[in-house]
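1. Give me coordinates for this.
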Amino acid sequence: MHPLLARAAELAADYRATLADRPVAPPVDHAALRSAFGGPLPAHPTPPSDVLEQLARAAGPGLVATAGPRFFGFVIGGALPAATAADVLAAGWDQNGFNAVLSPAAAAAEDVAGAWLKELLGIPAGASTGFVTGGQAANTAGLAAARHHVLAEAGWDVERDGLAGAPRVRVVASEERHATIDRALRLLGFGTRAVEPVKAGPQGAIDVEDLRKVREAGTGPLIVCLQAGNVNTGACDDLRAAREAVGDAWIHVDGAFGLWAAANPGTRALLDGVELADSWACDGHKWLNVPYDSGFVFCARPEVHAAAIAYRAAYLTGAGEVGGMGDLTLESSRAARGFAVWAAVRELGRDGVAELVGRCCRLARRFAGKLAEGGAEIANDVVLNQVLVSFGGDTDALIRKIQDDGTCWLGGTTWRGRRYLRISVSGWSTTEADVDRSAAAILRLAGRCAGQ
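-> Sure thing, here's the model as predicted:
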């Protein structure tokens, strides 16, 4: 195992060392890539060292530099050095993160890292923390807790009796909600028609007055979905005013990347009132720059969280579980994700997390300024790390040119009926030089020059 794992670490480190200079997404021959992985089912064993070398050769041409400094798509941050190394170590340890019986170390790491996360994000210290795969799982678990609570308050046991015949649950959410909210509602049996939409303001934050009107338009069990960090603009809902508008309704905050604004003094005001919510969803592989997969669900009522998610089995009875890890996530067999999260927060510290968030916001504003100098339209107020850009014309054709060029990578989006370039600055290794180089390439491909 020593030479094998040492070689794997060497290959990984060699790859990471090329990220600053390699094309972000080189042209790929998909047929050749599949052929490199393909062939007949092996009939006989292959030495592990040969398998490793074959894997590295086959995968190389198809790797996208998402961990690099000029990947600006999908709000993806490249994994920090300590978090990457911790994930390698966790793979070697091969721990199941279901409970403290299977891995006391994983349970301890999650307990400590969870407390650190809540302090960084302004979430009450008594809230539960589930280490999930990402924003979708976090939204699903958070809304499962909401479903349990509002129906229990109405005298209905949804875990026992299901939704057939249950009191109708009102789900109020912004017209600008993320699509994972809708999928969570589908998976939880509500269906997307359960949503009572609320208008959003010019930048995509929820219209609090319309929220108040929608809330007062009906009665019965109520779940309100709010957002920290609009996926297009970065705008955050007014959480304090929203709480005042909806009274004691269950509030779930989808804060996949926007919750991290609370960790930086310069952006913390955008999350004023975050502690007033009942559940929160957040990603680690976005702004904390933890390896995939990593997400968090927090719940102000730990007993409700566990009641909605936990299960019991005869073979688990009397196992002496400590910590309740398995009661807070949807997987029984899962990676010990807390090790990498612990390492990331330990590497950065409070000041480092604040600096990372603040620097990405500054770089996003720099990006917007450089492109605006070249004649681009910037469609949003750049309050966090998101920038919407248009040069007019065929936006999707320009996106393809940018992706094929390889200097940087970004995607597109539709905002208020128009297509835009969507830039997300989320990586710890991105510098001003990376932004300037990328902006220059975009202007060149758009046929513009700075200063026009």
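2. Can you report how many residues lie near residue 216?
-> 11 (other C-beta atoms under 10 Å). In this view, the C-beta of every residue, glycine as well, is placed from N, C-alpha and C.
3. Following the helix or strand encompassing residue 244 in sequence, what is the next regular element?
-> Using DSSP states H and E, the element containing residue 244 is helix 239-246. Following helix 239-246 in sequence order, the next helix or strand is strand 250-254 (DSSP H and E).
4. just so I have it, where are all the helices in the stretch 251-400 of the chain?
-> 302-309, 338-373, 395-405 (DSSP state H, counting those that start in this stretch).
5. Can I get the shortest one in PDB? Just the C-alpha atoms.
-> Listed next in PDB are the C-alpha coordinates belonging to helix 302-309 (Å, rounded to 0.1, in the frame of the first residue of the first chain):
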ATOM      1  CA  PRO A 302     -32.500  18.800  16.800                       C
ATOM      2  CA  GLU A 303     -35.300  16.500  18.000                       C
ATOM      3  CA  VAL A 304     -37.400  17.400  15.000                       C
ATOM      4  CA  HIS A 305     -34.500  16.900  12.700                       C
ATOM      5  CA  ALA A 306     -33.900  13.400  14.100                       C
ATOM      6  CA  ALA A 307     -37.600  12.500  14.100                       C
ATOM      7  CA  ALA A 308     -37.900  13.300  10.400                       C
ATOM      8  CA  ILE A 309     -34.800  11.500   9.300                       C
END
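6. elements contacting it?
-> strand 128-132, helix 135-153 (3 or more C-beta pairs under 8 Å, 6 or more residues apart in numbering; DSSP states H and E).
7. now with 10 Å?
-> With contacts taken as 3 or more C-beta pairs under 10 Å, 6 or more residues apart in numbering; DSSP states H and E, helix 302-309 sits against strand 128-132, helix 135-153, helix 158-161, strand 279-283, strand 295-299.
8. Which parts of the protein are strands?
-> 128-132, 170-174, 195-198, 222-227, 250-254, 279-283, 295-299, 377-378, 386-390, 411-415, 418-424 (DSSP state E).
9. To residue 121, which of these lies closest?
-> Closest to residue 121 of the strands of the chain, according to C-beta to C-beta: strand 279-283, at 6.8 Å.
10. Parallel or antiparallel, list what pairs with that closest one.
-> strand 250-254 (parallel), strand 295-299 (antiparallel) (DSSP bridges).
11. can you list these in JSON lines and add distance to residue 179, mean pLDDT and mean neighbour count?
-> Formatted as JSON lines, the strands paired with strand 279-283 follow (distance: least, C-beta to C-beta, whole Å; pLDDT from 0 to 100; neighbours: other C-beta atoms under 10 Å):
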{"stretch": "strand 250-254", "distance to residue 179": "10", "mean pLDDT": "98", "mean neighbour count": "28"}
{"stretch": "strand 295-299", "distance to residue 179": "16", "mean pLDDT": "98", "mean neighbour count": "29"}
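12. Which stretch among these approaches residue 332 most closely?
-> Of these, the one closest to residue 332 (C-beta to C-beta) turns out to be strand 295-299, at 16.1 Å.
13. follow-up on the earlier one: okay if I get the helices of the stretch 251-400 of the chain as a markdown table plus distance to residue 40, mean pLDDT and mean neighbour count?
-> As requested, those are exported to a markdown table (distance: least, C-beta to C-beta, whole Å; pLDDT from 0 to 100; neighbours: other C-beta under 10 Å):
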| stretch | distance to residue 40 | mean pLDDT | mean neighbour count |
| --- | --- | --- | --- |
| helix 302-309 | 43 | 96 | 21 |
| helix 338-373 | 37 | 98 | 20 |
| helix 395-405 | 34 | 97 | 17 |
